[in-house]
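> Show me the folded form of this:
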Amino acid sequence: MVVTAVLLLPALGLLLLAMDRFEDWLPADSASPRNARERRRLQLIPGDGSGSPSPAAAGASGRHAA
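Residues are numbered from 1 along each chain as shown. Model (predicted):
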């Protein structure tokens, strides 16, 4: 199994190099994105980001303080 992996490594390296060169050779896309709507941020902590913690976050921090 190790022999097979060692023999495949150079071939995979050449394939990666060829794919990188091919990607650089392709024409660039237009400036407009495929999806025109605005991206939304992922909101992991509830709240509006005003600096004050939400009631859910305050309750969670109080439980872990003990």
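> Show the pLDDT at residue 45.
Looking at residue 45, its pLDDT is 76.
> what does residue 2 give?
pLDDT, residue 2: 92.
> Repeat that for residue 58.
For residue 58, pLDDT reads 54.
> try residue 17
95.
> Now do the contacts for it.
Residues near residue 17 by Cβ atoms under 8 Å, 6 or more residues apart in numbering: none. In short, each C-beta sits where N, CA and C put it, glycine included.
> Is it in a helix, a strand, or coil?
Secondary structure state of residue 17, per DSSP: H, G, I helix; E, B strand; the rest coil, is helix.
> so how far is residue 10 from residue 16?
11 Å (Cβ to Cβ, to the nearest Å).
> Now tell me which helix or strand of the chain has the poorest mean pLDDT.
Every helix and strand in the chain was compared by mean pLDDT, DSSP states H and E; the lowest is helix 55-64, with a mean of 55.
> number of nearby residues for residue 47?
A count of neighbours around residue 47, defined by other Cβ atoms under 10 Å, yields 13.
> What segments of this protein are helices?
Ranges of helices in the chain, per DSSP state H, are 2-25, 55-64.
> now those helices as CSV including distance to residue 45?
Formatted as CSV, these follow (distance: least, Cβ to Cβ, whole Å):
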stretch, distance to residue 45
helix 2-25, 37
helix 55-64, 6
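> So for residue 43, which of those helices sits nearest?
helix 55-64 (12.2 Å; Cβ to Cβ).
> So what's the residue count around residue 45?
Number of residues near residue 45 (other Cβ under 10 Å) recorded here: 10.
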